[in-house]
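# sequence isn't available, so here's the structure alone:
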């Protein structure tokens, strides 16, 4: 079956509702698939926190957000930038922000999985790294999100051994991408 083409473009504030809905549906799907109980997947303030986060990212001078559209509907999103945590502190001491780009989030609408959208979003991240002359990329994936971990592995990402606590006793695993090999 042939699907209409996907267009990637910068996210704008008018995309916020679509991004929150997309993010909510994608995270619900992967946490549910990983066995996280429904009551722990979201909180009443979750959508508003996601909206605030996406708004900050879209308006940020240091972050890049691209939407994937099919028939004028947002079906995917990628957010990337320097490896920063809260405020401007590096997530890990010793991280060289001038050599590493972080893939903060990549989400595809669950009904659109397997149609190449994630690959296009990933390619946008690799272009971002190359245009910024960054040697490596990094991302975190919940260890029970087997679909995401397999996606990253297919695109050349490798675990680097760093873990941090996540929900349901499962950690977030950090993976790295060598740009020269991508």
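Done, it's in. Predicted model, so just to flag it, every value in this text is computed and none were measured.

# so what pLDDT did residue 65 get?
What the model reports for residue 65 is a pLDDT of 98.

# swap in residue 92?
53.

# likewise for residue 115?
Looking at residue 115, the pLDDT reads 93.

# beta-bridge partners for the residue sitting nearest the centre point of the chain, please?
Nearest to the mean C-alpha position of the chain, by CA atoms, centre = their mean, lies residue 105 at 1.5 Å. For residue 105, the beta-bridge partners are residue 79 (DSSP bridges).

# kindly provide the distance from it to residue 27.
Separation of residue 105 from residue 27 (CB to CB, to the nearest Å) stands at 9 Å. C-betas here are computed from N, CA, C, even on glycine.

# strands along this structure, start to end?
Using DSSP state E, the strands found in the chain span residues 7-10, 64-70, 73-81, 100-108, 136-142, 158-165, 171-178.

# what's the first-to-last distance across stretch 152-167?
21 Å (CA to CA, to the nearest Å).

# report the buried residues of that stretch.
152, 155-157, 166 (16 or more other CB atoms under 10 Å).

# check stretch 18-30 too.
So for stretch 18-30, counting by 16+ other CB under 10 Å, buried means 18-20, 22-24, 26-30.

# what does the biggest helix by length in the chain contact?
Secondary structure of the chain per DSSP state H: the longest helix is helix 16-33. Helix 16-33 is touched from outside by 11, 38, 40-42, 46-47, 50-51, 54-55, 58, 67, 73-77, 105, 107-110, 142, 144-148, 167, with contacts defined as CB atoms under 8 Å, 6 or more residues apart in numbering.

# lowest-pLDDT helix or strand in this protein?
helix 38-41 (a mean of 83; mean pLDDT, DSSP states H and E).

# who are the packing partners of it?
Helix 38-41 sits against helix 16-33, with contacts defined as 3 or more CB pairs under 8 Å, 6 or more residues apart in numbering; DSSP states H and E.

# what angle do the helix it packs on and strand 100-108 make?
90 degrees (axes from the mean of the first three to the mean of the last three CA atoms, to 10 degrees).
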